[in-house]
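Student: Quick check, what structure comes out for this input:
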Amino acid sequence: MGFGDLKNKTGLKALDDYLADKSYIEGFQPSQADAVVFKGLSGAPAAEFVNALRWYNQINSYGGAKDSFPGVAKALTQYGPAGGDAQAAKKDDDDFDLFGESDSEEEEDEETKAKLAAYAAKKSKKPALIAKSSILLDVKPWDDETDMKALEEKVRSVQTEGLVWGAAKLVPVGYGIKKLQINCVVEDDKVGTDFLEEEICAFEDFVQSVDVAAFNKI
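Tutor: A predicted model of the protein is given here:
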């Protein structure tokens, strides 16, 4: 279980493969899982590890805020692909003989039909994939007197099906002004960036503008 040594190419390859269809180590927002794996690296992955580098840059953008990610930190070896589960699944597939031998043609025919039905039922239970994206938004206030806590509450009050708000932090932009950087996960066919920008900009007493800082398919 786990990625192995993340300071060599074997470990980085395992991390890169694991993140091929994921934005985070666990779940749909940054967590202690990301913080632990991030600390296990000696630095930014090489460009050849495209998925790992994308993830690294995303987590690195939070700076010191990584320690405030939600969740409970576990040992590095507790995160990553579960080799035992994969081997067990492979063994199950190997043991499944679609055309096993029978003592007679009639028995073989009935047995084959039963196995085909069981195989079809097993396949039908697999959940349909839902296209999702992880979006990092920069929400800028009017000035340094804007109540940023109230601004974040306003942003999180935007609720709709297919939208889940994640971690947030304040980032200095100059002259004592800070912007709100907040992450969310959306279902692509239900929520778009135009909807988010329009809804958040509606709080015109607090919000000057909204920009998409990062957009990643999950």
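Student: what residues does stretch 137-148 touch?
Tutor: Identification of contacts with stretch 137-148 by C-beta atoms under 8 Å, 6 or more residues apart in numbering yields 151, 155, 170-171, 173, 175-184, 196, 200, 206-213. For every residue, glycine as well, the C-beta is placed using N, CA and C.
Student: again, only using 10 Å
Tutor: 151-155, 165, 168, 170-171, 173-184, 193, 196-197, 200-201, 203-215 (C-beta atoms under 10 Å, 6 or more residues apart in numbering).
Student: Distance from the chain centre to it, please.
Tutor: 27 Å (C-alpha atoms, centre = their mean, to the nearest Å).
Student: Quick one: end-to-end distance for it.
Tutor: 15 Å (C-alpha to C-alpha, to the nearest Å).
Student: Now which of the contacts of stretch 137-148 would you call buried?
Tutor: 151-152, 154-155, 165, 168, 170, 177-184, 196-197, 200, 203, 206-207, 210, 213-214 (16 or more other C-beta atoms under 10 Å).
Student: Count the residues that sit near the spatially closest residue to I218 that is not a sequence neighbour.
Tutor: The shortest distance from I218 to any non-neighbouring residue, by C-beta to C-beta, 6 or more residues apart in numbering, is to K132 (4.2 Å). Residues near K132, counting by other C-beta atoms under 10 Å, number 19.
Student: Kindly report the same for G162.
Tutor: For G162, the count of nearby residues is 14 (other C-beta under 10 Å).
Student: how close does it get to K22?
Tutor: Computed as C-beta to C-beta, to the nearest Å, the G162 to K22 distance reads 18 Å.
Student: Is it correct that the residue nearest to I218 is in contact with D188?
Tutor: Yes - between K132 and D188 there is a contact at 6.4 Å, judged by C-beta atoms under 10 Å.
Student: Give the residues shared as contacts by those two.
Tutor: Counting by C-beta under 10 Å, 6+ apart, the common neighbours of K132 and D188 are 162, 217-218.
Student: Please verify my assumption that P30 contacts N60.
Tutor: No - at 11.1 Å, P30 does not count as touching N60 under the criterion of C-beta under 10 Å.
Student: ok, now which ones touch the closest residue to P172 other than its chain neighbours?
Tutor: Leaving aside its sequence neighbours, P172 sits nearest to K178 (C-beta to C-beta, 6+ apart; 5.3 Å). K178 sits next to 140-141, 144, 146, 148, 151, 169-172 when contact means C-beta under 10 Å, 6+ apart.
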